[in-house]
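In: Curious how this folds, go ahead:
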Amino acid sequence: MRPPRSFSLGRAACFFPFGGVGNLCLLVLLALLGGCGTLPPVAPRAPTTALAPDPAGVLSKTVAASTPPGEDSGFRLLPMGVYSLDARIQLVQRAQRSLDLQYYVFDNDATGRLLLRDLKKAALRGVRVRLLVDDLYTAGSQQLLLALSATPNIEVRLFNPFCCAREQLLGRFTASLFDISRLDHRMHNKLFIADGVMAIAGGRNIADNYFTLDPLQNFVDMDALMVGRVVPQLASIFDTYWNSEQVRPIESIVQAPGDRKLMQQDFDEWVDMAAPPPVLALPPTDVLGYGPIGEELDAGRMGLLWGTARAFADPPDKLLKRTDDDALATSVTLDVLKAMRQATSEIYVVSPYLIPGPRGMKALLDVTGRGVKVTILTNSLAANDVPAVYTGYAHYRPGMLKAGVDLYELSPQRTTHNVRLGMFGSSFGRLHAKIAVIDRKTVFIGSMNLDPRSATKNTELGVLVDSPQLAREMLRVINISKLQSAYRVRLAPSGSDSVQWLSTDGEKEIILDSEPESSAWLRLYNFMVGPFVPDSLL
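Out: The predicted model follows:
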């Protein structure tokens with residue numbers, strides 16, 4: 001018997017996706033019964049920190065053999081979903097000392113169970129595993145994670161957990177109505193560290209649709225494998241979160257259904273520990289011409305692009321900041337805006353959830369006013385999995401176009417025909433990558449969207465890299481989506497704030513006057529709801 005599957009909205013934008021009289025009655029009832037639920041006191045615990053790398057380890061030797069003298073940090077972009085999943089699996093299977101994972105979403109689906117299965121196997125051979133998951137979307141995976149934590153050498157913790165009524169998202173919030181201000185802040189970071197020498201960071205959570213394995217909808221996303229001096233920086237960030245007051249051991253929050261031995265047996269059945277490992281269908285090369293990571297790891301040497309890197313993250317106590325200005329002052333968003341303001345020639349930004357707000361608009365106006373060319377790729381209405389976010393973005397769209405921003409919106413239909421970023425088949429394509437390239441030499445990759453939630457509500461993680469070679473490869477990936485999978489947006493000739501969407505069919509240019517690929521109902525929703533949804537709620 002498998003535990004129930006979880007679901008993922010991809011973002012903590014709409015906490016109450018319910019409707020109808022029945023749900024309203026349930027909300028009132030749960031509020032009366034448990035609206036004052038609170039977390040138990042924090043139990044004292046000794047801090048744990050990253051283990052020092054073992055120079056004799058397999059991964060350590062590979063990094064040493066791959067690093068030219070004097071280089072700072074090395075990178076391999078992972079634009080293709082199945083390659084990115086394979087990279088994680090390869091690192092878990094080769095780890096000999098430690099595995100530290102930090103994710104906003106860790107679903108109970110084929111991808112989540114595959115990775116959890118390999119994490120347990122690593123722990124059984126003596127690898128220390130620390131897994132930190134935000135608690136928003138754990139209703140369908142909490143028993144699986146709890147059972148994993150019963151394995152020796154594995155510890156699982158939850159960030160900013162809910163107190164009770166944990167089986168459903170609706171129940172969680174209604175049981176904590178007087179604690180909503182705390183629960184509105186989530187850990188959006190995505191980080192994976194193996195043996196303290198190799199890391200993967202970027203936009204992907206752990207779920208089928210982040211690795212083009214979902215039959216219905218998949219995300220166009222971006223990660224990077226990292227080595228060198230940036231990895232200890234990332235390890236320090238992980239330790240800060242792991243030992244923070246906002247984090248609780250899962251066994252202090254989730255009630256166990258039985259003893260530890262029974263939990264381990266259930267886990268083994270849920271993830272098919274006794275079955276042969278599944279084989280991922282990997283194409284010979286990815287869009288950048290790289291083969292699978294495993295082949296290079298077997299050879300003991302990797303081809304990487306090098307540069308100077310700085311990793312940074314919001315503090316885990318961001319949720320305690322008294323004002324939005326206080327939260328922004330130490331945010332990843334502020335670091336990225338500062339880097340953008342230093343641009344001298346051009347900026348490329350990819351942000352699936354784009355609501356620049358007054359600060360973002362000021363930054364865009366500052367740089368375009370100095371003659372800096374700005375190109376932005378975001379989701380169209382049809383591609384956005386949170387339509388309310390699109391309404392917030394649409395409010396700023398005319399201003400960005402008037403400022404001279406080149407604006408593109410991802411097309412779900414065109415994405416299905418663009419196989420260079422993965423085999424989407426008949427599934428729905430949505431943008432989820434959070435990246436930027438500044439002056440063709442500085443690259444940002446991380447978890448941050450250019451919106452108020454990333455700036456002041458959620459915690460985020462990012463890496464800035466000075467590397468013209470890496471910037472060149474990132475621009476290749478951006479241009480593939482921009483030119484082959486997106487509409488170009490422009491102001492309508494009428495001179496009003498209305499816009500048009502342009503695409504090509506062979507050599508013929510197609511001009512559309514309403515949101516492409518979207519239903520009349522979705523467009524009506526956008527028209528009716530948009531004016532009434534403040535940016536601060538998105």
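In: per-domain residue ranges of the chain.
Out: Split into domains by automatic domain parsing, the chain comes to 69-273+285-299, 321-537.
In: pull the helix or strand with minimum mean pLDDT from this structure.
Out: Ranked by mean pLDDT, DSSP states H and E, the helix or strand of the chain with the weakest confidence is helix 20-34, at a mean of 45.
In: buried sites along stretch 330-339?
Out: By neighbour count on 16 or more other C-beta atoms under 10 Å, the buried set for stretch 330-339 is 331-337, 339. Any C-beta I mention is one placed from the backbone N, CA and C, and that applies to glycine too.
In: I meant stretch 386-397, not that one.
Out: Neighbour counts over stretch 386-397 (16+ other C-beta under 10 Å) mark 386-397 as buried.
In: what do you get for stretch 86-102?
Out: Here stretch 86-102 shows 86-92, 94-102 as buried, counting by 16+ other C-beta under 10 Å.
In: same question, stretch 501-521
Out: Of all the residues in stretch 501-521, those buried under the rule 16+ other C-beta under 10 Å are 501, 503, 515-518.
In: Now for the residues you listed: which two are most distant?
Out: 503 and 518 (14.2 Å; C-beta to C-beta).
In: Residue 290 is in contact with residue 76, isn't it?
Out: Yes - Residue 290 lies in contact with residue 76 (C-beta atoms under 8 Å); the separation is 6.8 Å.
In: So for these two, which residues contact both of them?
Out: residue 303 (C-beta atoms under 8 Å, 6 or more residues apart in numbering).
In: Tell me which of those two has more neighbours.
Out: Ranked by neighbour count (other C-beta atoms under 10 Å), residue 290 and residue 76 place residue 76 first, with 24 against 19.
In: Could you grab the helix/strand/coil label for that one?
Out: For residue 76, the secondary structure call by DSSP: H, G, I helix; E, B strand; the rest coil comes out as strand.
In: Who are the contact partners of the nearest residue to it once chain neighbours are set aside?
Out: In this structure, residue 76 finds its nearest non-sequential neighbour in residue 225, 4.4 Å apart by C-beta to C-beta, 6 or more residues apart in numbering. Taking C-beta under 8 Å, 6+ apart, we find residue 225 in contact with 75-76, 78, 87, 198-200, 293.
In: Highest neighbour count among those?
Out: Most surrounded of the contacts of residue 225: other C-beta under 10 Å gives residue 198, at 28 neighbours.
In: Tally up the residues packed near the nearest residue to residue 66 once chain neighbours are set aside, please.
Out: Nearest non-adjacent residue to residue 66, counting by C-beta to C-beta, 6+ apart: residue 302, 4.5 Å away. Neighbour count for residue 302, taken as other C-beta under 10 Å: 20.
In: any idea how far the residue nearest to the spatial centre of the chain lies from residue 353?
Out: Centroid-nearest residue in the chain, with C-alpha atoms, centre = their mean: residue 203, separated by 3.3 Å. Separation of residue 203 from residue 353 (C-beta to C-beta, to the nearest Å): 11 Å.
In: Same check on residue 313?
Out: 19 Å.
In: of the two, who's got more company?
Out: Neighbours were counted for residue 313 and for residue 353 using other C-beta under 10 Å; residue 313 has more, 30 against 26.
In: Report pLDDT for that one.
Out: For residue 313, the pLDDT comes out at 98.
In: cool, residue 523 as well?
Out: Per-residue pLDDT puts residue 523 at 80.
In: for residue 272, same thing?
Out: For residue 272, pLDDT reads 91.
In: can you pull out the helices in the stretch 1-150 of the chain?
Out: Taking DSSP state H, counting those that start in this stretch as the criterion, the stretch 1-150 of the chain carries its helices at 20-34, 58-66, 81-94, 110-124, 142-149.
In: quick one, what contacts residue 471?
Out: Taking C-beta under 8 Å, 6+ apart as the test, what residue 471 contacts is 437, 440-443.
In: Repeat that for residue 460.
Out: 188-189, 313-314, 331-333, 446-448, 454.
In: okay if I get those as TSV plus secondary structure and distance to residue 131?
Out: Converted to TSV, those look like this (DSSP: H, G, I helix; E, B strand; the rest coil; distance: C-beta to C-beta, whole Å):
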residue	secondary structure	distance to residue 131
188	coil	16
189	coil	13
313	strand	17
314	coil	20
331	coil	25
332	helix	22
333	helix	27
446	strand	20
447	coil	17
448	coil	22
454	helix	23
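In: So residue 395: helix, strand or coil?
Out: Assignment for residue 395 (three-state DSSP): helix.
In: Check residue 521 too.
Out: With three-state DSSP as the basis, the three-state label of residue 521 is helix.
In: Residue 339 now?
Out: For residue 339, the assignment made with three-state DSSP gives helix.
In: Residue 444 is in contact with that one, correct?
Out: Yes - Residue 339 lies in contact with residue 444 (C-beta under 8 Å); the separation is 6.8 Å.
In: Overlap of the contact sets of the two?
Out: Going by C-beta under 8 Å, 6+ apart, residues that sit against residue 339 and also against residue 444 are 436, 438, 464.
In: Return the set of buried residues in the host helix or strand of residue 524.
Out: Assigned by DSSP states H and E, residue 524 belongs to helix 520-529. Applying a neighbour-count criterion of 16+ other C-beta under 10 Å, the buried positions in helix 520-529 are 522, 525-526.
In: Which member of these is positioned nearest residue 161?
Out: Nearest member of the buried residues of helix 520-529 to residue 161, counting by C-beta to C-beta, is residue 525, at 32.7 Å.
In: Test my guess that that closest one contacts residue 387.
Out: Yes - if you go by C-beta under 8 Å, residue 525 and residue 387 touch, sitting 6.0 Å apart.
In: quick one on the thing from earlier: which two of the contacts of residue 460 have the greatest separation?
Out: The widest separation within the contacts of residue 460 (C-beta to C-beta) is 13.6 Å, between 189 and 333.
In: Can you tell me the closest non-neighbouring residue to residue 97?
Out: Nearest to residue 97 is residue 195, by C-beta to C-beta, 6+ apart, at 4.8 Å.
In: hang on, the earlier thing: looking at the contacts of residue 225, which one is closest to residue 475?
Out: residue 75 (14.3 Å).
In: ok, what's across the strand from the closest one?
Out: Taking DSSP bridges as the rule, residue 75 bridges to residue 226, residue 305.
In: ok, now which ones touch it?
Out: Here residue 75 is in contact with 224-227, 304-307, 309, 465, 467, 470 (C-beta under 8 Å, 6+ apart).
In: now do residue 333
Out: 448, 450, 454-455, 460.
In: Which of those residues ranks first by neighbour count?
Out: Within those, neighbour counts (other C-beta under 10 Å) peak at residue 448, which reaches 29 neighbours.
In: measure residue 339 to residue 332 for me?
Out: As for residue 339, its distance to residue 332 is 11 Å (criterion: C-beta to C-beta).
In: pLDDT wise, what is residue 385 at?
Out: 86.
In: out of the contacts of residue 225, who's nearest residue 46?
Out: Distances from residue 46 to the contacts of residue 225, taken by C-beta to C-beta, are shortest for residue 199, at 24.8 Å.
In: Paired strands for the helix or strand harbouring that closest one, with orientation please.
Out: Per DSSP H and E: residue 199 is located in strand 198-202. Here strand 198-202 is paired, per DSSP bridges, with strand 191-194 (antiparallel), strand 223-228 (antiparallel).
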